[in-house]
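**Student:** build me a model from this:
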Amino acid sequence: MREFLVQITTTVPEGTTQEEADRRRAAEAVRARELAATGNLARLWRPVGELRSIGIWRAADEYELHEKVLGTLPLRPWMTLTVTPLESHPNDPGRAAATS
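**Tutor:** Reported below is the predicted structural model:
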């Protein structure tokens, strides 16, 4: 699987009830755990003081990432995404561990 750096900003649309937002957030947590279990979600961070997330996501290609991974997130309709495909750097200290 290829790796992608994904920055996500979620904006709840005006007029959305608190109940709907809470329901989607709860479903999002469940789906994130499922995607972590399948290896599609490797890491996820929230920058201090910000309401966005940055993660390492995995998929066969960018199409699969958008359609079969990120597209399955319950909050996806409310998300703005920035996707950056990644490749291993020759000086990556984790590279040796990954190939051992």
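
**Student:** hey, what's the closest residue to Leu35 other than its chain neighbours bridged with?
**Tutor:** Nearest non-adjacent residue to Leu35, counting by C-beta to C-beta, 6 or more residues apart in numbering: Leu41, 4.1 Å away. All C-beta atoms are positioned from the backbone trio N, CA, C, and that covers glycine. On the basis of DSSP bridges, Leu41 takes part in beta bridges with Trp57.

**Student:** Leu41 against Gly55, yeah?
**Tutor:** Yes - contact criterion C-beta atoms under 8 Å: Leu41 and Gly55 qualify, at 6.4 Å.

**Student:** between the two, which one's more packed in?
**Tutor:** Leu41 (21 against 18; other C-beta atoms under 10 Å).

**Student:** return the distance of the more buried one relative to Arg33.
**Tutor:** 9 Å (C-beta to C-beta, to the nearest Å).

**Student:** have a look at the protein and report its longest helix.
**Tutor:** Counting by DSSP state H, the longest helix found in the chain is helix 18-37.

**Student:** give me the mean pLDDT for that one.
**Tutor:** Helix 18-37 shows a mean pLDDT of 97.

**Student:** please export the C-alpha coordinates of it as CSV.
**Tutor:** What follows is helix 18-37, C-alpha atoms only, in CSV (Å, rounded to 0.1, in the frame of the first residue of the first chain):
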residue,chain,number,x,y,z
GLN,A,18,-26.2,19.0,17.7
GLU,A,19,-27.7,15.6,17.7
GLU,A,20,-26.8,15.1,14.0
ALA,A,21,-23.2,16.3,14.6
ASP,A,22,-22.8,14.1,17.7
ARG,A,23,-24.2,11.1,15.7
ARG,A,24,-21.8,11.6,12.9
ARG,A,25,-18.8,12.1,15.2
ALA,A,26,-19.6,8.9,17.0
ALA,A,27,-19.9,7.0,13.7
GLU,A,28,-16.6,8.6,12.6
ALA,A,29,-14.8,7.2,15.7
VAL,A,30,-16.1,3.7,14.9
ARG,A,31,-15.1,4.0,11.2
ALA,A,32,-11.6,5.3,12.1
ARG,A,33,-11.1,2.2,14.4
GLU,A,34,-12.2,0.0,11.5
LEU,A,35,-9.8,1.7,9.0
ALA,A,36,-6.9,1.5,11.6
ALA,A,37,-7.6,-2.3,11.9
